[in-house]
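[1] attaching a predicted model along with its sequence, questions to come.
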Amino acid sequence: MKDIKEKISERISISFAKNPGRVVLFGIFILNIILVFGAAVIIVAMHPEQGFWTTVYHVFTMILDAGGITSIVDESSQIDAALAVFCIVVIILGTLIFTGAVIGYLTNIISDLITSANSGARRLRLSDHIVFINWNNRAAEIINDLMYSDRREKVVVLVNENREAIQREINNRIADTEEREWAKAFKEATALIKDGKLHKSQRFRYAKSQVSLKVPTIIVREGETYSLKQLHDIAIHSAKTVIVLGKDDSASVCKYDLQVKQEKNDKGNIHTVKTLVQVAQITASEESADNQKVVVEVEDDWTGALVDKIINHKVTRIENNPGTRDKCNIVPIPVNKILGQILSQFSIMPELNTVYSELFSNRGAAFYSTPFKETDELGFFSDFLKTHTGAIPVSVMESKKGPELFYVAGTADDINTASAEEAPLTKLELADEYRFEKRHIAILGHNSKSIDILEGFEAFIAEWDNGCREGLVDILIIDDREHLEKVNYYRTKDGADRPYIGAFVETDVYGKDLIQDKLNTYIDAHPEDTSVLILSDDNATAEELDANALTYLIYVQDIINERLQQNPDFNVESIDVIVELLNPKNYDVARSYSVDNVIISNRYISKMVAQVGEKDAIYDFYKDILTYDLEADGDAFTSKELYIKVAGALFKEGTAFPLSVTPRSLTRSVFEASPKNNKTIVLGYIPHGKECVLFSDCDNSEISIDSKDKLVVFAPH
C-alpha cells in the first residue's frame, strides 16, 4: 500500500513539474465534476422520485443557465423551500466557478503555479533518478546515451539560466536520434525486402522491432545550482546518480567576456568546487540513499586537487562514522586528460575510433563488470574461453567492494551463455616482440586538450620506443602564433623542448596556401605513415564551434583530391585523417568529405559519464586502458590497453596465412599462446580495407585472417 502511495505521489510530482498547467486544469475539471455529482446526490436524497442521471443533467444545465432551476423544482410535487435554497446555492457556486472574474483570478494563480514549477520553487518527490547539475556541450550526449539503457530513466537538470534553450536542445537531440535510428531500421528492412527475406508488408513491423529507444523522462529546472534548498528540492538525497558538469559559457556570453572567463577558468573552476561541496554534504548524510554515485567533471589540475581534498575529507568522515559507509561515492572525470589520451591513441591507431565508439556505449558490444570470486585469474580466463560463447573476459581489478571482473559482451547477461562444445585450440605462435611502425602526425589547430594530447604521445613512446634512435612519433604542428606563444611552443614545465615535435608552422586558419604547401611537403616525405589530426577549438563561441576544424578539413581534402587527379592509383588510405568535432550536428558534414575517422570527442566523455553513473568501478578500468605504462615493472607491464596490431607482425614469421578460424578459436588460441606476463586477448578483427568486426557482436562462423588484416587486442603490451 505504501509503495502504491509513493508511486502515485511520484507520478503527480513529475506531472506537475513537467506540465503544471495541465494538472491545474485537470483539478478544475474534477472540482466541477464533484460539484455536479455531489449536488445530484443531495437532491435525489431530498426527493427520491427524481432519477439520479436525470438530476445530474438538470444540475449541469442549471449551472450553465440559472433558469434551469425550474427543471428540478417544478418536477417536485410541491415547492420545497430547502430544495429551492439548495439549488440557488448550487447555481451561485457554479457561477463563481465559471464567472470571468473568478477565472481571471484563478488564471493568475495558475500562472504563478506554472512559474513556480518551472523556476524550481516546488519540491519534487522522486527517487532512483539521475540529476544533472549545470549544462555544457557534453550534456546532451549523456542524455542521448541514456536512450539506449535497459530501462526508461528519470532525469532532472538544474541550471542557473537558459532553461528553455536547454529544453529545446534536449528535444532536438532526442528527435535527431529517433530519426536516425528509424532511418537505419527502414534501410535494413528495405535491404531484406530486396533480398527476398522480408515481405514489404512487414517493413514497418521489422523497423519497429529494431528501434528499442527508451526516451528518459526529463525535467529541466532553473535555480541556483549551489543552493542547498534547490538541491533538496530536486531530491538529490534519493537520486541514484548525481552528475556535476563543467559549466559552459560559450552560448551565453559575448566573445570578449568568454575569453576573460576562460582565462580565469584556466586557473581553476571555483563553481564546480562550490557545487560539489554542497552535493557531497547532502549525499554523505545519513538521510540520503545508499550507494549513490557522484560523477564530477574536472578540466584542470587546480580543480582536480580540490576535488581530491573533498573526497579525502568524506573518506575520513566515513571512517569515523560507520553508519555512512555506503555514502557519497565521488568519481572525478579528468575531461581534458582522458580526451587527450584518446586523441593521441587515435592518431597512432585510427581504427580505435570505431572500437571505442561501440565499447564505450550502451549500443552493441560494451564493457561490463561483475564481482570476481575466483583466486586463479589466468586459470579462470583459460577455462572461460573454452566454453563461453557470449562474453570475452579482459581484466580483473580491485574495486572498493573487492575484485571485479571486466568483460566484453552484447548484454550483461551474456556472461552466462556457454556451450557444451569447447572452442577448438589452433596452434599459433606469437612473435617474440611486436613493434609499431613510426607514425608521422600533423596536428592542425588547438584546443584545451592540446598539452594532454602531447603527453599521451609521450606515454606511448615511453612504453613502445624500446630505445629506437629515430623515435616512434614525429609531429608537425600548424597553429597560430598567438596560441603557440601562449603555450610557450609546447615546451615542458622545465622549459625543455619536446623532442618528438619536429617543426612548427605559424599561421591561422586563413593561411590556406601555406598550410597546404607544408602539408604536401610533409606527406611527400612520409608517404605511407602520415596521420592528420584536426582539432576543434573548444574555447570558441557557440556560433564558431567547429568552424576552424571544418575549414582545415576542406584544405586537407583538397590535397587528397589533387593527388587523386594526378594519380588515379593514389592510395587514399595512406593518409589517415582524424577530425575532432564538438557539435554532433556537424558530423554528417564532415563525413560528406569521405573522412571515416570523425570524432565527436564530447561523445566519449558523455558515454563514460553515463556508464560510470551506473557503476563507478568501471571508471578505474577505463582509466587503466587509456593510460600507457611509463615503464615496465621488471619484465611485466601492469596496465592493459586496447591495441590495433597487424596480424603479420603479431604472429611469428612463417605463419601460414590466411588463417581459417572461428572467433572463439582465435581468441582462445592467442590467449594460450601468449606469454604469462603479456596475456593477449583478441576482441575482433579489421579485414584489410573493410570495417571492424567485434567478436562479441557477431556469430561464430569461420573467418579468414590475412597477414595485412588487423586484430583488435587487449593486452599489457
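    Happy to help now that I have it. Numbering: from 1, shown residues only.

[2] how far does stretch 274-292 sit from its chain's centre?
    23 Å (C-alpha atoms, centre = their mean, to the nearest Å).

[3] export it as PDB, just CAs?
    What follows is stretch 274-292, C-alpha atoms only, in PDB (Å, rounded to 0.1, in the frame of the first residue of the first chain):
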ATOM      1  CA  LYS A 274      31.400  25.100  -4.600                       C
ATOM      2  CA  THR A 275      28.700  22.900  -6.200                       C
ATOM      3  CA  LEU A 276      30.400  19.700  -5.300                       C
ATOM      4  CA  VAL A 277      30.800  20.700  -1.600                       C
ATOM      5  CA  GLN A 278      27.000  21.200  -1.400                       C
ATOM      6  CA  VAL A 279      26.300  18.000  -3.200                       C
ATOM      7  CA  ALA A 280      28.700  16.000  -1.100                       C
ATOM      8  CA  GLN A 281      27.100  17.400   2.100                       C
ATOM      9  CA  ILE A 282      23.700  16.100   1.100                       C
ATOM     10  CA  THR A 283      24.700  12.700  -0.400                       C
ATOM     11  CA  ALA A 284      27.000  11.900   2.500                       C
ATOM     12  CA  SER A 285      24.300  12.400   5.100                       C
ATOM     13  CA  GLU A 286      22.600   9.500   6.900                       C
ATOM     14  CA  GLU A 287      19.200  10.500   5.300                       C
ATOM     15  CA  SER A 288      20.500  10.100   1.800                       C
ATOM     16  CA  ALA A 289      20.200   6.800  -0.200                       C
ATOM     17  CA  ASP A 290      23.000   4.300  -0.100                       C
ATOM     18  CA  ASN A 291      25.400   3.700  -3.000                       C
ATOM     19  CA  GLN A 292      24.700   7.000  -4.600                       C
END
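
[4] how about the helices in the stretch 51-200 of the chain?
    52-64, 70-73, 81-98, 100-119, 139-146, 163-194 (DSSP state H, counting those that start in this stretch).

[5] and the fifth one with helix 163-194, angle?
    Between the axes of helix 139-146 and helix 163-194, defined by axes from the mean of the first three to the mean of the last three C-alpha atoms, to 10 degrees, the angle is 40 degrees.

[6] and helix 139-146, average pLDDT?
    Throughout helix 139-146, pLDDT has a mean value of 86.

[7] distance from that helix to the middle of the chain?
    5 Å.

[8] what's residue 239 in contact with, if anything?
    126, 127, 128, 129, 130, 131, 156, 289, 292 (C-beta atoms under 8 Å, 6 or more residues apart in numbering). For glycine as for every other residue, the C-beta is placed from the backbone atoms N, C-alpha and C.

[9] weakest of the helices of the stretch 51-200 of the chain by average pLDDT?
    Among those, helix 100-119 carries the lowest mean pLDDT (a mean of 60).

[10] can you redo the contacts of residue 239 as TSV with neighbour count, distance to residue 142 and pLDDT?
    Putting these into TSV (neighbours: other C-beta atoms under 10 Å; distance: C-beta to C-beta, whole Å; pLDDT from 0 to 100) gives the following:
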residue	neighbour count	distance to residue 142	pLDDT
126	22	18	86
127	15	20	86
128	14	17	87
129	23	14	89
130	25	9	90
131	27	12	91
156	25	13	91
289	16	21	81
292	24	17	83
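
[11] dump those residues into a markdown table; add distance to residue 658 as well.
    Listed next are these as a markdown table, based on distance: C-beta to C-beta, whole Å:
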| residue | distance to residue 658 |
| --- | --- |
| 126 | 57 |
| 127 | 56 |
| 128 | 51 |
| 129 | 52 |
| 130 | 48 |
| 131 | 53 |
| 156 | 54 |
| 289 | 55 |
| 292 | 52 |
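
[12] beta partners of the closest residue to residue 377 other than its chain neighbours?
    Distance criterion C-beta to C-beta, 6 or more residues apart in numbering; nearest residue to residue 377, sequence neighbours excluded, is residue 396 at 5.0 Å. When bridges are called by DSSP bridges, residue 396 pairs up with residue 405.

[13] residue 396: neighbour count?
    By other C-beta atoms under 10 Å, the residues close to residue 396 number 17.

[14] change the start of the numbering to 16 and stick with it
    All set: I'll call the first residue 16, so the last point we hit is now residue 411.

[15] so it makes contact with residue 386?
    No - in this structure residue 411 lies outside contact range of residue 386 using C-beta atoms under 8 Å: 10.4 Å.

[16] touching both of those two, which residues are there?
    Common contacts of residue 411 and residue 386, defined by C-beta under 8 Å, 6+ apart, comprise 418, 419, 420.

[17] do I have it right that the last one meets residue 396?
    No - the pair formed by residue 420 and residue 396 falls short of the contact definition of C-beta under 8 Å, at 9.5 Å.

[18] circling back to that earlier point, so which of the shared contacts of residue 411 and residue 386 is the most crowded?
    residue 420 (22 neighbours).

[19] list the contacts for that residue?
    Contacts of residue 420 by C-beta under 8 Å, 6+ apart are 384, 385, 386, 387, 408, 410, 411.

[20] among those, name the buried ones.
    Among the contacts of residue 420, those buried by neighbour count (16 or more other C-beta atoms under 10 Å) are 384, 387, 408, 410, 411.

[21] using JSON lines, lay out these together with pLDDT and distance to residue 504.
    Conversion of the buried ones among the contacts of residue 420 to JSON lines gives the following (pLDDT from 0 to 100; distance: C-beta to C-beta, whole Å):
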{"residue": "384", "pLDDT": "86", "distance to residue 504": "43"}
{"residue": "387", "pLDDT": "87", "distance to residue 504": "47"}
{"residue": "408", "pLDDT": "90", "distance to residue 504": "45"}
{"residue": "410", "pLDDT": "88", "distance to residue 504": "39"}
{"residue": "411", "pLDDT": "88", "distance to residue 504": "43"}
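
[22] rebuild these as a markdown table, extending it with distance to residue 24.
    Output for the buried ones among the contacts of residue 420, formatted as a markdown table (distance: C-beta to C-beta, whole Å):
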| residue | distance to residue 24 |
| --- | --- |
| 384 | 34 |
| 387 | 40 |
| 408 | 44 |
| 410 | 43 |
| 411 | 43 |
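
[23] can you tell me which of the residues you listed is nearest residue 448?
    residue 410 (22.6 Å; C-beta to C-beta).

[24] any idea how far the nearest residue to the closest one once chain neighbours are set aside is from residue 180?
    Using C-beta to C-beta, 6+ apart and skipping the chain neighbours, the partner closest in space to residue 410 is residue 421 (4.8 Å). The gap separating residue 421 from residue 180 is 39 Å, by C-beta to C-beta, to the nearest Å.
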